[in-house]
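# The sequence and its predicted three-dimensional model are supplied below.
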Amino acid sequence: MADIKTLDALDLAGKRVFIRVDFNVPLDEQGRVTDDARIRAAVPTIAYALDHRAKVILGSHLGRPKGKPEDRQKYTLEPAATRLAEILKKDVTLADDSIGDGVKKAVKDLGEGEVLLLENLRFHPEEEKNDEGYARELASLADVWVNDAFGTAHRAHASTAGMAKFVKEKAAGFLIKKEVDFLGRVLTRPAHPFVALLGGAKVSDKIKVIENLLGKADCICIGGAMAYTFLRAQELEVGKSRVEEDKLELARQILDKARARGVEFLLPVDHVCAEEPKETAKRVVVNDRAIPPALMGLDIGPKTLDVYRQRILAAKTVFWNGPMGLFEQKPWAEGTFGVARAMADSDGVTVVGGGDSAAAVEEAGLVAKMKHVSTGGGASLEFIEGRVLPGIQVLEG
Ligand SMILES: Nc1ncnc2c1ncn2[C@@H]1O[C@H](COP(=O)(O)OP(=O)(O)OP(=O)(O)O)[C@@H](O)[C@H]1O
Ligand SMILES: O=C(O)[C@H](O)COP(=O)(O)O
């Protein structure tokens with residue numbers, strides 16, 4: 001990110017500063033924020049702008065509203081406004097829309113050091129279409145555009161990319177800078193040994209990540225349901241475990257490539273299984289690489305966890321994305337939390353890709369023990385795939 005400036009390079013005093021944040025946070029039935037990590041992660045940028053006498057306009061999406069009337073209630077940013085106000089200990093005004101006369105007036109009335117949060121940008125379908133007219137209208141509200149929405153940087157939408165060319169000045173926020181620094185370090189100059197742990201449901205979601213990491217990591221440890229596709233590709237029985245039959249050939253190719261490049265590619269050597277994926281099902285530890293016909297693998301076994309833990313502790317760089325098992329249910333969560341604990345015990349550069357693995361680290365109370373926990377799910381994966389993210393690309397030059 002050498003030629004991308006951050007907002008501290010600009011004079012913000014008295015200016016209308018539009019900060020694109022990612023307040024796409026989980027809510028409970030009562031509409032309360034259940035995980036405010038993304039809101040807290042945006043605070044350094046917001047606080048800096050406020051301290052430097054900016055008039056702060058925040059824009060975000062929440063969920064994927066489809067234009068139904070009830071969506072207004074379900075996807076309002078009100079819970080995020082409430083939480084942000086508690087964190088900042090100051091008023092956060094929620095506009096009733098993101099464009100239009102009411103919003104223009106609210107911006108006109110905004111004083112230095114005050115915050116206005118626009119209503120969910122995706123209430124306008126033009127946002128996701130990266131519509132030029134909508135981008136221009138958003139841009140007309142501001143003098144400066146700051147992108148700090150790392151979680152949405154892989155989307156080329158009006159507020160994440162389109163507006164950039166219609167504002168006088170633009171800059172990255174501190175969160176985007178931190179994300180790009182850590183994830184970039186993993187990709188371009190990892191200290192070796194570099195160990196990557198990849199889990200989650202499907203091989204198909206992680207192919208490009210695996211392929212890119214094959215050229216960089218010394219060791220790749222596989223867990224989660226995708227491990228069974230790899231084991232099956234080696235002609236092992238995996239019982240009733242989830243297998244992507246149409247990806248077996250691809251899994252074989254990945255195994256061959258790893259061998260050819262001398263990358264250690266580790267698969268589970270034992271498993272925690274059950275007859276069905278239920279919390280109440282009988283927990284069976286299978287002390288073998290193969291799984292009997294009546295059982296399905298739901299977590300990596302204790303021996304596997306021990307091997308992965310040793311690799312993590314010996315590494316200087318560790319990147320982890322994707323749970324090691326069906327961790328939402330307690331009987332199958334030990335592998336995922338065990339990996340999180342091993343990373344917490346490591347002295348290396350430990351980076352957790354967003355999504356489920358970040359949620360597990362948060363649940364385990366280990367966030368502070370990691371060097372970096374990404375706020376991006378899809379965005380961090382695309383970054384690690386080696387792709388250029390549109391929301392970051394427009395900040396260049
Ligand atoms: N052995 C397994 N059997 C069934 N489900 C599993 C198994 N291992 C992992 N899962 C499930 O896979 C899901 C996570 O898969 P996914 O590929 O979406 O991971 P991710 O990349 O971390 O997610 P995100 O997209 O949120 O970043 C979790 O709900 C987890 O419970
Ligand atoms: O949660 C995310 O990954 C981002 O906020 C992007 O959301 P989206 O997948 O709905 O575009």
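Thanks, I have it. This is a predicted model, so every value here is computed, not measured. Residues are numbered from 1 along each chain as shown. Ligands and ions are numbered 1, 2, ... in the order given.
# Please make it C-alpha for all contacts and neighbour counts, starting now.
Fine.
# So residue 221 belongs to a strand, correct?
Yes - assessed with DSSP: H, G, I helix; E, B strand; the rest coil, residue 221 lies in a strand.
# Now do the contacts for it.
The neighbourhood of residue 221, defined by Cα atoms under 8 Å, 6 or more residues apart in numbering, consists of 195-198, 265-267, 308.
# That one and ligand 2: what is the separation?
When Cα to the nearest ligand atom, to the nearest Å is the yardstick, residue 221 and ligand 2 sit 24 Å from each other.
# what ranges do the helices span in this protein?
Here the chain has its helices, by DSSP state H, at 37-51, 71-74, 78-88, 101-108, 132-140, 174-188, 203-214, 226-233, 248-261, 302-314, 334-345, 356-363, 378-384, 390-393.
# I'd like the distance from the fourth one to the chain centre, please.
It stands for helix 101-108. 33 Å (Cα atoms, centre = their mean, to the nearest Å).
# Specify the angle between that helix and helix 132-140 in degrees.
Per axes from the mean of the first three to the mean of the last three Cα atoms, to 10 degrees, the angle that helix 101-108 makes with helix 132-140 is 30 degrees.
# Residue 120 touches residue 75, doesn't it?
Yes - using Cα atoms under 8 Å, residue 120 is in contact with residue 75, at 7.1 Å.
# quick one: which of these two has more around it?
In terms of neighbours (other Cα atoms under 10 Å), residue 120 is the more surrounded of residue 120 and residue 75; the figures are 27 against 21.
# Contact partners for that one?
Residue 120 neighbours (Cα under 8 Å, 6+ apart): 59-62, 75-77, 97-98.
# mind listing which of the residues you listed are in strands?
residue 59 (DSSP state E).
# Which among the contacts of residue 120 count as buried?
Among the contacts of residue 120, those that count as buried by neighbour count (16 or more other Cα atoms under 10 Å) are 59-62, 75-77, 97-98.
# returning to that earlier point: farthest pair in the contacts of residue 221?
Pairwise distances across those peak at 13.5 Å for 195 and 267 (criterion: Cα to Cα).
# about what we covered before: which one of the contacts of residue 120 is nearest to ligand 1?
Ligand 1 lies nearest to residue 62 out of the contacts of residue 120, by Cα to the nearest ligand atom, at 15.5 Å.
# Excluding residues flanking it in the chain, which one is nearest that closest one?
Spatially, and ignoring its direct neighbours in sequence, residue 62 is nearest to residue 24 (4.3 Å; Cα to Cα, 6 or more residues apart in numbering).
# mind checking how far the one you found is from ligand 1?
Counting by Cα to the nearest ligand atom, the gap from residue 24 to ligand 1 is 13 Å.
# before we move on, the earlier item: more crowded one of residue 195 and residue 267?
Shown here are residue 195 and residue 267; by other Cα under 10 Å, residue 195 has more neighbours (29 against 19).
# Within range of ligand 2, give me the residues from this protein.
Those residues of the chain that sit near ligand 2, judged by Cα under 6 Å from any ligand atom, are 22, 24, 63-64, 151-152, 376-378.
# repeat that for 8 Å
Residues of the chain lying near ligand 2 by Cα under 8 Å from any ligand atom: 22-25, 61-64, 151-152, 154-155, 355, 376-379.
# that older thread, which residues do residue 120 and residue 75 both contact?
Common contact partners of residue 120 and residue 75 (Cα under 8 Å, 6+ apart): residue 62.
# Which pLDDT does the model give residue 2?
At residue 2, the model reports a pLDDT of 55.
# make that residue 205, sorry
88.
# now do residue 337
So residue 337 comes in at 98 (pLDDT).
# what do you get for the one 4 residues further on?
Looking at residue 341, its pLDDT stands at 98.
# how far away is it from residue 383?
Distance of residue 341 to residue 383, computed by Cα to Cα, to the nearest Å: 25 Å.
# who has more neighbours, the two?
residue 383 (21 against 18).
# How is this protein divided into domains?
Per automatic domain parsing, the domain ranges recorded for the chain read 7-174, 181-385.
# Give me the mean pLDDT for the first one.
For domain 7-174, the mean pLDDT works out to 97.
# buried sites along stretch 153-162?
153-162.
# Going by distance to ligand 2, which of these wins?
residue 155 (6.3 Å).
# sorry, back to before: quickly compare the helices of the chain and say which is most buried.
For these, average neighbour numbers computed from mean count of other Cα atoms under 10 Å are highest in helix 226-233, which has a mean of 26.
# helices and strands around it, which ones?
helix 248-261 (3 or more Cα pairs under 8 Å, 6 or more residues apart in numbering; DSSP states H and E).
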